[in-house]
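Undergrad: Sequence first, then the predicted structure, then my questions.
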Amino acid sequence: MMKIKEHCGIFATIGDRSVKYTYEGLKLLQHRGQESAGISYTEGGIKTVKGLGLVEEALNESEVLQIRSKFSIGHVRYSTTGKTTLQEAQPLNNDKLSIAFNGTITNYFEFGNYKTDTEFILDFLSKEIKEGKDIVDAVKHFMDIADGAYSMVILDDKNRVLAVRDPKGFRPLVMGKIDENMVFSSEDSAIKQLGGKIIKDILPGEIVLVNPDGKLLSEKVPSTSFHTCAFEYIYFSRADSKIDGISVYMARIRLGEILARNHPAKADIVVPIPESSRPIAIGYSRESNIPLEEALIRTIVSKRSFIMPTNDKRKSVLEEKFGIVEDAVRDKRIVIIDDSIVRGNTMKRIITLLRNSGAKEIHVRVGSPMIRYPCYMGIDFPNRKELIASDKKEEEISKILGADSIEYLTVKEMKEAIGKESLCSACFTGIYPLKRNYSLQIMENVFNR
Ligand code: SF4
């Protein structure tokens, strides 16, 4: 069974408190991956500690904090290619290089029988370096032949750290400073929470090399345009993050405002699906003047159903996922706000719970367009057959879910709300902003194995 997963988080620190900040940074990026965590550092060569589970389960804090290296990179993971085993947990290293990577190399299967795309990157760069290429030139060559999404941090055996963002800028990557330590992070919120300052977003196609003495070198390969993943704004990133200068929280508020303006519903209350749909529901409530009620309570044992490792586990978790405040919903017409609908089973279950609690009408409003296509740029959506909107219209979906109506944002409305025209929206449109056209059938076979 194909799984739906988020992607990964990366963090790197160069400085006296390197491993401490990398460890703390990973904890603050935990929402980006909970299957494994790891840190690579240099100490007479490249060393890596990693494990399965949350950061605090995967890494022994007291042992990690004793490491005195000034150069480290870290990773929290969901496997968008490959399985979740310790061997495939990142960072992935050999004696020359270590790589922590966020994204998917869409064409990695064309270069050999690699289990994961990270394995391909490590192998490719190592061969280039062995042949005498400088590491920056090796990365540039990689960027030339690789297709897809990649934000990554690389540590080499010469105590150099590189931060790289693909030429379309699918995934975020930020450079900052905490005390005198130079840091790189998937999201700026993690740096700010550690008391640091943001220096800049790494640009699409940019390679930043930090030498052991702290000197920086920045190079940029040609980049046609930004195609940042729309879902970084809608769902994945922390609401207190900014991506390429745009506040994730404010973008979510605007998604709700436009949803209310263009997709109104006659209702008594607006109810968000916690947690990520809250700002969208706030925007909807403000714009429509319909009061917001926190009528759905997420139970402590629940996890985001989007990221559970197997479908069976996902279902069993859904059983205990939400409690309903019956007095808030009884005899009410409800607009329920979700940030996105993938398979629809979470929403179906919630609608049943609301009906059983006496809700009079249930109108679903979704803060993103209909997800009709899989993603091959770092987000593990299921294949087309499993996507509820792949071949259905809104009325049909509404019926399946048991709602009175359902409406989604259009792609144009979503871009207007986020405030950025140049976004990837391939999972809504089927137009993949990649270097080449790939057959959807071939891609489903490669990524669903
Ligand atoms: S296809 Fe969708 S999920 Fe994937 S990168 Fe594009 S917008 Fe993001």
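TA: Looks like it came in fine.
Undergrad: since we're on residue 60, how many residues are nearby?
TA: As a burial measure, residue 60 scores 12 neighbours (other C-beta atoms under 10 Å). C-beta: built from backbone N, CA, C; applies to glycine.
Undergrad: brain fart, residue 71
TA: Other residues near residue 71 come to 25 when the count uses other C-beta under 10 Å.
Undergrad: contacting residues for it?
TA: Residues in contact with residue 71, defined by C-beta atoms under 8 Å, 6 or more residues apart in numbering, are 14, 18, 41-42, 155, 159-161, 212.
Undergrad: quick one, strands of the stretch 201-350 of the chain?
TA: All strands of the stretch 201-350 of the chain, identified by DSSP state E, counting those that start in this stretch, fall at 206-210, 216-220, 228-229, 242-243, 246-247, 269-272, 296-298, 322-324, 333-338.
Undergrad: re the thing from before, now, of the contacts of residue 71, which are buried?
TA: Buried by 16 or more other C-beta atoms under 10 Å: 14, 18, 41-42, 155, 159-161, out of those.
Undergrad: Rebuild those as TSV, extending it with distance to the ligand.
TA: Shown next, in TSV, are the buried ones among the contacts of residue 71 (distance: C-beta to the nearest ligand atom, whole Å):
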residue	distance to the ligand
14	29
18	31
41	31
42	33
155	26
159	33
160	29
161	26
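Undergrad: Just the ones in helices from those residues, please.
TA: Using DSSP state H, residue 18 are the members of the buried ones among the contacts of residue 71 that sit in helices.
Undergrad: any chance of the buried ones among the contacts of residue 71 in TSV, plus distance to residue 371?
TA: TSV is the format used below for the buried ones among the contacts of residue 71 (distance: C-beta to C-beta, whole Å):
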residue	distance to residue 371
14	39
18	39
41	39
42	42
155	36
159	43
160	40
161	36
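Undergrad: Please narrow the contacts of residue 71 to those residing in strands.
TA: 14, 41-42, 155, 161 (DSSP state E).
Undergrad: What helix or strand is residue 354 located in?
TA: Residue 354 is part of helix 345-356 when elements are defined by DSSP states H and E.
Undergrad: same for whichever helix or strand comes after that helix, what does it pack against?
TA: Per DSSP H and E, the first helix or strand lying C-terminal to helix 345-356 is strand 361-366. Other helices and strands packing on strand 361-366, by 3 or more C-beta pairs under 8 Å, 6 or more residues apart in numbering; DSSP states H and E, are helix 248-262, strand 333-338, helix 345-356, strand 405-408.
Undergrad: Given strand 361-366, what are its sheet partners and their directions?
TA: Here strand 361-366 is paired, per DSSP bridges, with strand 333-338 (parallel), strand 405-408 (parallel).
Undergrad: need the strands of the stretch 201-350 of the chain in JSON lines with distance to residue 405, can you?
TA: Shown next, in JSON lines, are the strands of the stretch 201-350 of the chain (distance: least, C-beta to C-beta, whole Å):
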{"stretch": "strand 206-210", "distance to residue 405": "45"}
{"stretch": "strand 216-220", "distance to residue 405": "48"}
{"stretch": "strand 228-229", "distance to residue 405": "29"}
{"stretch": "strand 242-243", "distance to residue 405": "32"}
{"stretch": "strand 246-247", "distance to residue 405": "30"}
{"stretch": "strand 269-272", "distance to residue 405": "14"}
{"stretch": "strand 296-298", "distance to residue 405": "19"}
{"stretch": "strand 322-324", "distance to residue 405": "20"}
{"stretch": "strand 333-338", "distance to residue 405": "9"}
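Undergrad: Would you mind putting the ones you listed into TSV with distance to the ligand, mean neighbour count and mean pLDDT alongside?
TA: Below are the strands of the stretch 201-350 of the chain laid out as TSV (distance: least, C-beta to the nearest ligand atom, whole Å; neighbours: other C-beta atoms under 10 Å; pLDDT from 0 to 100):
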stretch	distance to the ligand	mean neighbour count	mean pLDDT
strand 206-210	19	22	98
strand 216-220	22	13	95
strand 228-229	3	26	96
strand 242-243	12	23	98
strand 246-247	15	16	98
strand 269-272	21	25	98
strand 296-298	23	16	91
strand 322-324	24	17	91
strand 333-338	16	25	98
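Undergrad: closest one to residue 263 among those?
TA: strand 333-338 (9.4 Å; C-beta to C-beta).
Undergrad: And for that closest one, what's in contact with it?
TA: 256, 259, 265-273, 277, 280-281, 284, 288, 290, 295, 347, 350-351, 354, 359-367, 403.
Undergrad: quick one, that strand and helix 248-262 angle?
TA: Here strand 333-338 runs at an angle of 140 degrees relative to helix 248-262 (axes from the mean of the first three to the mean of the last three C-alpha atoms, to 10 degrees).
Undergrad: Give me the distance from strand 333-338 to the chain's centre.
TA: 25 Å (C-alpha atoms, centre = their mean, to the nearest Å).
Undergrad: ok, now stretch 260-269?
TA: 29 Å.
Undergrad: Kindly report the same for stretch 67-80.
TA: Per C-alpha atoms, centre = their mean, the displacement of stretch 67-80 from the mean C-alpha position of its chain is 17 Å.
Undergrad: and if you look at stretch 28-42?
TA: Taking C-alpha atoms, centre = their mean, one finds the center of stretch 28-42 at 13 Å from the center of the full chain.
Undergrad: any weak-confidence spans in the stretch 201-350 of the chain?
TA: 300-320 (pLDDT under 70).
Undergrad: what residues does it put near the ligand?
TA: Neighbours of the ligand within the stretch 201-350 of the chain, by C-beta under 6 Å from any ligand atom: 229-231.
Undergrad: Just the closest of the residues you listed to residue 102, please.
TA: For those, the residue nearest residue 102 by C-beta to C-beta is residue 229; the value is 10.6 Å.
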